[in-house]
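Asks: got a predicted model here, sequence first, then my questions.
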Amino acid sequence: MSTKPTATDLEWTELDQRAVDTVRVLAMDSVQKVGNGHPGTAMSLAPAAYVLFQKLMRHDPSDAEWTGRDRFVLSAGHSSLTLYIQLYLAGYGLELDDLRAFRTWGSKTPGHPEYGHTTGVETTTGPLGQGVANAVGMAMASRYERGLFDPHAAAGTSPFDHTIWAIAGDGCLQEGISAEASSLAGHQKLGNLVLLWDDNHISIEGDTEAAVSEDTLARYEAYGWHVQRVAQLPDGDLDPVGLHKALLAAQAETTRPSFIAARSIIAWPAPHAQNTEAAHGSALGDEEVAATKRVLGFDPEKSFEVSDEVIAHTRAVLDRGRDAKAEWEKSLAAWRTANPQRAAEFDRIATGELPTGWEEKLPVFETGKGVATRAASGKVLQALGEVVPELWGGSADLAGSNNTTIDKNSSFLPVGNPLPGADPYGRTIHFGIREHAMAAVMNGIALHGSTRIYGGTFLVFSDYMRNAVRLSALMHLPVTYVWTHDSVGLGEDGPTHQPVEHLATLRAIPGLNVVRPADANETAIAWREILKRYTKEFGKGAPHGLALTRQGVPTYDANEDAARGGYVLFEAEGGEPQVVLIGTGSEVQLAVEAREQLQAAGVATRVVSMPSVEWFEEQDQAYRDSVLPPSVKARVAVEAGIGLTWHRFVGDAGRIVSLEHFGASADGKVLFREFGFTADAVVAAARDSLEFISGIAAAAR
């Protein structure tokens, strides 16, 4: 068994070292058993993860949802065993059989950590760099929540003070999202964030010298972070004493985020596999595993060997965690006594309830008036901001276009920022031109709990956000994306800024609800429904994307059935409908105009507004059939984007008025005319559908 030094600030015993070496054995054995995985990083990071979970972090394994806990984010999610083994040792509910089942069907230990699947996992990670941005979001949320509940307490004295710890690898720091998020964190002076960089110089293609030569520490210094480097021990292993000192120093630095570089050797101390790219993502092989066990003083004939002494030693964190939570609960009780109104707000928000009377604040818009749905959304946000303090958000430098400023006099900016309205607990977030980081930061904010977050940009730039949006859907997170300029109707900016395929591709993400309201009143109803769905009564949450117009659209009477995703906006006159016209967003007005022409020609026509396909498909079959009667085969869907969404709604006999090519630079009205988005085009499509059905009927006779 290897030995390590001791220091007065860290009690490091032979039993601690045996526990760390046990982590390495378990990492090798878990990957060896399943035949695939990432053993090397889990082996080299063992001392760092152990110091965090056993010596530093404030956490209670018996209550993984404890509000006062520190958060831990493993951005390098491929090294999931780094986290799983610490959860096992600490007593979060994982046992040896779960490690034996690593990466297999039905196990609690999937290939990458999954939030909501494994107790103690704070976020789903795997796509590199996402976890860095999640951690930044958690740190921002922690500060905002402190502002909600305990803004006047001295630093370090509030029950709402805690630390966000994260571990990132070389790949995380190479992905651009981490640069965006780290720049934002430095600007925000997030002193509650500590990021440990596993500087092992290895990626899948070998030594990182093949792709990277920058001075990473200098880069983080330039971002405004507190930067440290931890030296290796002479044998090449990570130094637990040095790590502990650096992590403590980082935690003590409360005016800026902290970055710690720890030079490690991947797969240490495997005799032949260490410092190789093969150790990153492949089983070491029976011979190398056995040789490494001999180096560590373990029996090479045994697998998943954990001594009773080691597990008893590490599970003692359960007692320490309960004690820490008990102390925190005392401080919370004192806070409650001193702050009864804030305590009542804390309890309301913790249960997921919204303030009494909040719906009454929602605006109702005048019928007939032309209003851009982005403008309507902005008015809704400002109205809700007065009564829902947990609602906050902003934009990727497009607030004036996205209408996402909830309070123009309150900006979420750190102490010392010179801008008017700067407030460390402000309502409006300035994400900067960082769409990808914005989306992943929003995920981190939602994961932290207790607030409701939204963020805006142009719909076309959802492409930058897509990976994080997909993860928000995978984790069922209550985040709201405000995507404006939702079609070629935005006009002169041209095809680079005009979304065409975006609505369909976003609807293809399982669990993401895309909402494209037809008018101002649908926009208000959509916001109301989104907030209602983020309460606990709905069970698992879901992210929502609002697709909003730049241009004004007619305002219709408010209809509560908009919250059902699809409803009859205008009924057929003169009998049962012969044709159904389905529209979304700015194209609903075209369906309404087409109905007037068809009705004048004696064709009974129903108009269906379908702001959300996903909400509509949640409804029971009876309701869906009442909106889209199966007996009415003549149907037309109209949407200024590709028609991929609509085939299943119109059927073989139906027609789709869509855009199957990129846009152009011109006034939006000109583009709609030139690209065939007119009432006449919808009428022609309806007649074509009716003629097709008549032809089938005639052939059947």
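Replies: Done, it's in.
Asks: wait, what's in contact with the closest residue to G368 other than its chain neighbours?
Replies: Once flanking residues are discounted, G368 sits nearest to T555: 6.1 Å by CB to CB, 6 or more residues apart in numbering. Where C-beta positions appear, they are placed from N, C-alpha and C, glycine not excepted. Neighbour list for T555: 365-371, 519-521 [criterion: CB atoms under 8 Å, 6 or more residues apart in numbering].
Asks: buried ones among those?
Replies: 365, 371, 519-521 (16 or more other CB atoms under 10 Å).
Asks: return the subset of the residues you listed lying in strands.
Replies: Those of these mapping onto strands are V371, per DSSP state E.
Asks: coming back round to it: please identify the helix or strand for the residue nearest to G368.
Replies: If you go by DSSP states H and E, T555 is not part of any helix or strand.
Asks: still on that earlier bit, among the contacts of T555, which pair sits farthest apart?
Replies: Spatial extent of those (CB to CB) is set by the pair G370 and N521 at 12.9 Å.
Asks: still on that earlier bit, now render the contacts of T555 as CSV, adding distance to A439.
Replies: Shown next, in CSV, are the contacts of T555 (distance: CB to CB, whole Å):
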residue, distance to A439
F365, 29
E366, 34
T367, 35
G368, 36
K369, 33
G370, 31
V371, 27
D519, 27
A520, 26
N521, 28
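Asks: least confident of those residues?
Replies: For the contacts of T555, the weakest pLDDT value sits at K369, with 88.
Asks: contacting residues for the residue nearest the centre of the chain?
Replies: The chain has N443 as the residue nearest its centroid, 2.8 Å off, counting by CA atoms, centre = their mean. By CB under 8 Å, 6+ apart, the contact list for N443 reads 123, 130, 133-134, 137, 468, 471-472, 475, 477, 479.
Asks: same thing but at 6 Å, please
Replies: Contacts for N443 (CB atoms under 6 Å, 6 or more residues apart in numbering) come out as 134, 468, 472, 477.
Asks: need the pLDDT of it.
Replies: 98.
Asks: kindly report the same for W335.
Replies: What the model reports for W335 is a pLDDT of 98.
Asks: give me the nearest residue to it, chain neighbours excluded.
Replies: P159 (5.5 Å).
Asks: for I453, same thing?
Replies: I445 (4.4 Å).
Asks: what helix or strand does the one you found sit in?
Replies: Short version, using DSSP H and E: I445 is in helix 435-448.
Asks: and for A698?
Replies: For A698, the host element (DSSP H and E) is helix 679-700.
Asks: pull out the buried positions in that helix.
Replies: Buried residues in helix 679-700, defined by neighbour count with 16+ other CB under 10 Å: 679, 681-687, 689-690, 692-693.
Asks: could I get the residues you listed as CSV with pLDDT and distance to G68?
Replies: Formatted as CSV, the buried residues of helix 679-700 follow (pLDDT from 0 to 100; distance: CB to CB, whole Å):
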residue, pLDDT, distance to G68
A679, 98, 59
A681, 98, 60
V682, 98, 58
V683, 98, 63
A684, 98, 64
A685, 98, 59
A686, 98, 61
R687, 98, 66
S689, 98, 61
L690, 97, 65
F692, 95, 65
I693, 94, 65
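Asks: could you dump those to a markdown table with distance to V627?
Replies: Shown next, in a markdown table, are these (distance: CB to CB, whole Å):
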| residue | distance to V627 |
| --- | --- |
| A679 | 22 |
| A681 | 23 |
| V682 | 18 |
| V683 | 21 |
| A684 | 24 |
| A685 | 19 |
| A686 | 17 |
| R687 | 22 |
| S689 | 18 |
| L690 | 20 |
| F692 | 22 |
| I693 | 19 |
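Asks: might you list the low-confidence residue ranges for the stretch 601-701 of the chain?
Replies: Scanning the stretch 601-701 of the chain for pLDDT under 70 picks out nothing.
Asks: what about the helices in the stretch 201-350 of the chain?
Replies: 216-223, 240-252, 278-281, 286-296, 308-314, 317-338, 340-350 (DSSP state H, counting those that start in this stretch).
Asks: send the alpha carbons of the last one over as CSV?
Replies: Once side chains and other backbone atoms are set aside, the C-alpha atoms of helix 340-350 remain, and they are given as CSV (Å, rounded to 0.1, in the frame of the first residue of the first chain):
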residue,chain,number,x,y,z
PRO,A,340,-41.0,35.5,9.2
GLN,A,341,-42.1,37.0,5.9
ARG,A,342,-39.1,35.7,4.0
ALA,A,343,-39.6,32.3,5.7
ALA,A,344,-43.2,32.1,4.4
GLU,A,345,-41.9,33.0,0.9
PHE,A,346,-39.2,30.3,1.2
ASP,A,347,-41.8,27.7,2.2
ARG,A,348,-44.1,28.7,-0.7
ILE,A,349,-41.3,28.5,-3.2
ALA,A,350,-40.0,25.2,-1.8
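Asks: elements contacting it?
Replies: Counting contacts by 3 or more CB pairs under 6 Å, 6 or more residues apart in numbering; DSSP states H and E, helix 340-350 is packed against no other helix or strand.
Asks: now it: average pLDDT?
Replies: Helix 340-350 carries an average pLDDT of 97.
Asks: quick one: contacts of stretch 334-348?
Replies: By CB under 6 Å, 6+ apart, the list of residues contacting stretch 334-348 from outside reads 149, 159.
Asks: SS state for G456?
Replies: Three-state assignment for G456 (DSSP: H, G, I helix; E, B strand; the rest coil): strand.
Asks: name the SS class of W197, please.
Replies: The assignment at W197 comes out as strand when based on three-state DSSP.
Asks: how many other residues sit next to it?
Replies: W197 sits with 27 neighbouring residues when counted by other CB atoms under 10 Å.
Asks: check the one 4 residues further on too.
Replies: A count of neighbours around H201, defined by other CB under 10 Å, yields 16.
Asks: that one and T208 touch, don't they?
Replies: Yes: assessed by CB atoms under 6 Å, H201 is found in contact with T208 at 5.0 Å.
Asks: residue contacts, H38?
Replies: H38 makes contacts with 78-79, 281, as judged by CB under 6 Å, 6+ apart.
Asks: state the distance from it to D207.
Replies: H38 is 17 Å from D207, where distance means CB to CB, to the nearest Å.
Asks: what about the nearest residue to G224 once chain neighbours are set aside, neighbour count?
Replies: Distances taken as CB to CB, 6+ apart put G186 closest to G224, at 3.3 Å, once the chain neighbours are dropped. For G186, the neighbour count with other CB under 10 Å is 22.
Asks: repeat that for the one 4 residues further on.
Replies: Around L190 sit 26 other residues, with neighbours defined as other CB under 10 Å.
Asks: just the one 10 residues further on next, same as before
Replies: Burial of N200, expressed as a neighbour count using other CB under 10 Å, amounts to 25.
Asks: can I assume it is in contact with I266?
Replies: Yes: if you go by CB under 6 Å, N200 and I266 touch, sitting 4.5 Å apart.
Asks: overlap in contacts of those two?
Replies: With CB under 6 Å, 6+ apart as the test, N200 and I266 both reach S44.
Asks: residue ranges with poor pLDDT in this structure?
Replies: 1-8, 536-540.
Asks: now with 90, please.
Replies: Residues of the chain that meet the criterion pLDDT under 90 lie in 1-9, 155, 202, 204, 206-207, 209, 369, 534-541, 695-701.
Asks: and the host helix or strand of A135, what does it pack onto?
Replies: Assessed by DSSP H and E, A135 sits inside helix 130-149. On a contact count with 3+ CB pairs under 6 Å, 6+ apart, helix 130-149 meets strand 71-74, strand 164-169, helix 176-188, helix 435-448.
Asks: and the third one, C-alpha only, in CSV?
Replies: Taking Å, rounded to 0.1, in the frame of the first residue of the first chain, the C-alpha atoms of helix 176-188 are listed here in CSV:
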residue,chain,number,x,y,z
GLY,A,176,-16.2,26.3,-26.4
ILE,A,177,-19.1,26.2,-24.0
SER,A,178,-16.7,26.2,-21.0
ALA,A,179,-15.0,29.3,-22.3
GLU,A,180,-18.3,31.1,-22.6
ALA,A,181,-19.4,30.0,-19.1
SER,A,182,-16.1,30.7,-17.5
SER,A,183,-16.0,34.2,-18.9
LEU,A,184,-19.5,34.8,-17.5
ALA,A,185,-18.5,33.4,-14.1
GLY,A,186,-15.5,35.6,-13.9
HIS,A,187,-17.5,38.7,-14.9
GLN,A,188,-20.1,37.8,-12.3
